[in-house]
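Student: What follows is a predicted structure for the sequence shown.
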Amino acid sequence: MRYQPRPQSNTFSKARRAFGDPVSSLKPKSTFVPIPLVHQMPADLTYDAAAVLGNDKINAINSAGKIVFQMVGDTGGINGTDVQDELAVQMEQQVTSANAPDQPAFFYHLGDVIYYNGQSQNYKPQFYEPYQYYPAPIFAIPGNHDGDNVVQAGDPPDTEPSLTGFFDNFCAAQRVPSPNSPYRYVMDQPWPYWTLKAPFVTIIGLYSNVEGNLDDPGSPETDQTQYNWLIEQLRTADASKGLLLAVHHPPFSLDTAHGGYQDILDAIDQATKAAGRVPDAVFTGHVHNYQRFTRTVNGKQIPYVIAGAGGYARTQSSMHQMQTDPKTADGRMPDNFQTTHPDVVMATYNAENPGFLNITVDGTYLTGAYYINTFGGGTLPSNPFDTFKLNWKTGKLEGI
């Protein structure tokens with residue numbers, strides 16, 4: 001089944017979304033930077049978690065009957081890593097202080113590891129130094145700032161092709177000590193878009209390029225390599241495990257800067273229809289705050305979660321702000337807010353604090369907890385800001 005993109009708009013400005021609309025209009029032309037041809041795509045884009053976790057850890061996960069991991073995006077502290085460092089300590093403490101069954105096995109990065117344009121020279125200060133004490137492996141998908149090599153006004157000139165830093169640090173030929181740090185190894189993921197196979201869960205990671213496209217929207221004969229690969233991964237994913245989709249650009253967002261990305265939403269919807277399988281949850285970054293939506297598709301409740309407050313935004317004012325509700329005194333949208341899309345409800349959001357996700361998947365449930373930090377110090381809350389529990393076998397959220 002070929003992907004059918006919507007016609008691109010031809011307006012002279014961005015259309016302002018109506019209040020409650022979680023999807024932005026398409027741009028007249030999207031910036032798309034192809035993966036450089038110097039990188040040869042492997043035939044197999046899957047990765048077994050045992051390759052990095054080891055058999056002892058895999059056996060312990062299986063014995064515990066669940067796997068725990070952390071997720072967040074938009075961490076690169078180009079303007080200072082103080083917030084990123086504090087979150088890294090908080091994440092580290094979850095790994096080192098939890099009882100063995102509850103220890104996160106890895107950190108799955110939701111993109112924008114480095115700002116601004118993924119330059120290799122920025123990996124040491126923005127990635128390796130902030131996470132030098134983090135004791136678990138770190139997987140990643142790229143964000144727009146990891147792949148963009150289009151110089152904007154005020155940017156320093158790029159010195160290397162798109163995704164060079166990402167390939168060197170996450171898609172290396174083998175796991176060896178990083179030249180940027182004596183404490184961490186580079187990762188040997190197969191490709192910028194790839195599938196992680198682990199006990200109890202499969203995570204399909206997409207690369208949504210610079211402006212939210214799986215494949216080049218500007219070609220008359222659009223290369224649909226990633227879209228077709230997504231269909232195949234959905235179709236063949238192990239039905240006995242939870243199925244998660246990770247992509248940097250969110251399909252839905254009620255922030256005022258970006259909004260959701262129509263092309264990503266369409267690509268996912270068309271791929272799931274072609275494959276006959278819908279993911280159990282979708283995790284994204286890009287928007288620098290936290291938002292959790294519930295989308296209902298044929299009776300199945302699917303969490304769509306944005307976790308993009310991983311450290312780039314260093315002050316509350318630099319977080320992406322949310323739409324203002326004219327019906328409330330403080331302008332805040334209430335929990336379980338009905339968007340203009342009948343199938344999409346925003347369960348809750350936090351545009352005031354940085355934070356990260358802790359995810360647990362077992363043979364029946366996916367449980368999520370969003371832990372927040374503070375700007376400028378202060379006592380951290382002992383309980384997570386938000387929790388949700390999905391029976392991924394029945395597609396029903398429980399306790400709401």
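Tutor: Sure thing, it's come through.
Student: which strand residues sit across from residue 185 in the sheet?
Tutor: residue 177 (DSSP bridges).
Student: Partner strands of the helix or strand harbouring residue 305, with direction?
Tutor: Assigned by DSSP states H and E, residue 305 belongs to strand 300-307. Under the criterion DSSP bridges, strand 300-307 sits next to strand 281-284 (parallel), strand 290-297 (antiparallel) in its sheet.
Student: Helices of the stretch 201-350 of the chain, start to end?
Tutor: 225-236, 262-275 (DSSP state H, counting those that start in this stretch).
Student: got those as a markdown table, with distance to residue 33, mean neighbour count and mean pLDDT columns?
Tutor: For glycine as for every other residue, the C-beta is placed from the backbone atoms N, C-alpha and C. Converted to a markdown table, the helices of the stretch 201-350 of the chain look like this (distance: least, Cβ to Cβ, whole Å; neighbours: other Cβ atoms under 10 Å; pLDDT from 0 to 100):
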| stretch | distance to residue 33 | mean neighbour count | mean pLDDT |
| --- | --- | --- | --- |
| helix 225-236 | 14 | 19 | 98 |
| helix 262-275 | 15 | 20 | 97 |
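Student: out of those helices, nearest to residue 12?
Tutor: Closest to residue 12 of these is helix 262-275 (Cβ to Cβ; 18.7 Å).
Student: got the CA positions of the longest helix along the chain in CSV?
Tutor: Across the chain, the longest stretch assigned as helix under DSSP state H is helix 82-97. Output of helix 82-97 as CSV, limited to C-alpha atoms (Å, rounded to 0.1, in the frame of the first residue of the first chain):
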residue,chain,number,x,y,z
ASP,A,82,22.5,22.3,34.4
VAL,A,83,18.9,21.0,33.9
GLN,A,84,20.1,18.1,31.9
ASP,A,85,22.6,17.2,34.6
GLU,A,86,19.9,17.3,37.3
LEU,A,87,17.6,15.0,35.3
ALA,A,88,20.6,12.7,34.6
VAL,A,89,21.2,12.4,38.4
GLN,A,90,17.5,11.7,39.0
MET,A,91,17.5,9.0,36.3
GLU,A,92,20.7,7.5,37.6
GLN,A,93,19.3,7.3,41.1
GLN,A,94,16.3,5.3,39.8
VAL,A,95,18.8,2.7,38.3
THR,A,96,21.0,2.5,41.3
SER,A,97,18.5,2.7,44.2
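Student: Torsion angles phi and psi at residue 60?
Tutor: Taking degrees, to the nearest 10, you get phi -70, psi -40 for the backbone angles of residue 60.
Student: and it, how many neighbours does it have?
Tutor: Applying other Cβ atoms under 10 Å, we find 16 other residues in the vicinity of residue 60.
Student: need the contact list for it.
Tutor: 100, 101 (Cβ atoms under 8 Å, 6 or more residues apart in numbering).
Student: Would you mark the buried spots in stretch 9-29?
Tutor: Under the neighbour-count criterion of 16 or more other Cβ atoms under 10 Å, stretch 9-29 has 17, 20, 21, 22, 23, 24, 25, 26, 27 buried.
Student: a helix runs through the first one, doesn't it?
Tutor: No: secondary structure assignment (DSSP: H, G, I helix; E, B strand; the rest coil) places residue 17 in coil, not in a helix.
Student: Quick check: pLDDT value at it.
Tutor: Among the per-residue scores, residue 17 holds a pLDDT of 93.
Student: Give me the neighbour count for the nearest residue to it once chain neighbours are set aside.
Tutor: Counting by Cβ to Cβ, 6 or more residues apart in numbering, residue 17 lies nearest to residue 259, which is 5.6 Å off, once chain neighbours are set aside. Residue 259 has 22 neighbours, counted by other Cβ under 10 Å.
Student: hang on, isn't residue 259 packed against residue 21?
Tutor: Yes: counting by Cβ atoms under 8 Å, residue 259 does reach residue 21; the two are 7.4 Å apart.
Student: Now list whatever residues contact both of those two.
Tutor: By Cβ under 8 Å, 6+ apart, no residue touches both residue 259 and residue 21.
Student: what about the strands in the stretch 1-150 of the chain?
Tutor: Here the stretch 1-150 of the chain has its strands, by DSSP state E, counting those that start in this stretch, at 46-48, 66-72, 107-109, 138-140.
Student: Quick check: closest non-adjacent residue to residue 312.
Tutor: Nearest one to residue 312, counting by Cβ to Cβ, 6+ apart, is residue 74 at 4.7 Å.
Student: Run through the residues that contact that neighbour.
Tutor: 110-112, 143, 285-286, 288, 308-313.
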